[in-house]
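1. below: sequence and its predicted model.
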Amino acid sequence: MEQFRLWGWKLYQSFYDALIPDKRYLAYLEGLKVTFLISLMAIILGIAIGVIVAVVKVSATNYKMRWLGAICNVYINIIRGTPLMVQLLIIYNLVFTSRNTNEIIVGAVCFGINSGAYVAEIIRAGIESIDRGQMEAGRTLGLNYMQTMRLIVVPQAIKNILPALGNEFITLIKETSVAGIIAVTDLLKAAQYVGSRTWVILPPLIIAAGCYLVIVMGLSRLLTLFERRLARGDHH
């Protein structure tokens, strides 16, 4: 029993040291803020790229437009066929070569470009799942092709692919943990910094893992509520 109490005290002390002395909890909060910022910018960029690429791929059916579809396919194949960490290092060292480069912007751009390839395929599948009659109905109402896509087809596709998009965004948030390789002080990097100060790395890593878990569970809950609201709207 005494040994168990001693073990419990050491465990408590290790987590206390990882949070309280020198206000180390502020390091996690700063890292969490950076993680949120990178994730938000990457999600916005990924959605923008994904929608454009998906619409181009679906629309590039005639001979004159096929070259655009081919470019989109090359982009998707390269992004999906290479590791994210390699892409991050290439973009950081090849594109952003200035000493005044903002690493947070670099991370957001890289993660956005990476996510865009996956979002594009998700949205493309969603668009192709919509009955072709919806496009014809839009054209009969006097809308052109792009207006029909924007006002009729894409909104319906988003409803169908919302769970898949949610999973992609959750994966994106977790993948931002590799941003520390380009000197971004995100949540994981903050935990590693605290571990280097306390000489015990496991408690800070567990705290960081708990933060990621809370974020993911919160986002999953929001997506579930959003899906239910959309379902109620369809019924009405």
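-> Great, that's in hand. Residues are numbered from 1 along each chain as shown.
2. number of nearby residues for the closest residue to residue 119 other than its chain neighbours?
-> Leaving aside its chain neighbours, residue 119 sits nearest to residue 50 (2.8 Å; criterion: CB to CB, 6 or more residues apart in numbering). For glycine as for every other residue, the C-beta is placed from the backbone atoms N, C-alpha and C. Using other CB atoms under 10 Å, the number of residues around residue 50 comes to 23.
3. surely residue 50 and residue 125 touch.
-> No. Applying CB atoms under 8 Å as the test, residue 50 and residue 125 come out as separate, 11.4 Å apart.
4. one step back: helices or strands up against the helix or strand encompassing the residue nearest to residue 119?
-> Residue 50 belongs to helix 25-59 when elements are defined using DSSP states H and E. Where contact means 3 or more CB pairs under 8 Å, 6 or more residues apart in numbering; DSSP states H and E, helix 25-59 is packed against helix 66-81, helix 103-128, helix 154-175, helix 187-198, helix 202-235.
5. so who does residue 16 touch?
-> If you count contacts by CB atoms under 8 Å, 6 or more residues apart in numbering, residue 16 has none.
6. remind me which residues of this protein are low pLDDT?
-> Judged by pLDDT under 70, the chain has its weakly predicted residues at 1-2, 62-64, 96-99, 231-236.
7. ok, and the closest non-adjacent residue to the residue nearest the centre of it?
-> For the chain, residue 172 is the residue whose C-alpha lies nearest the centre (CA atoms, centre = their mean; 2.7 Å). Using CB to CB, 6+ apart and skipping residues adjacent in sequence, the residue nearest residue 172 is residue 115, 5.0 Å away.
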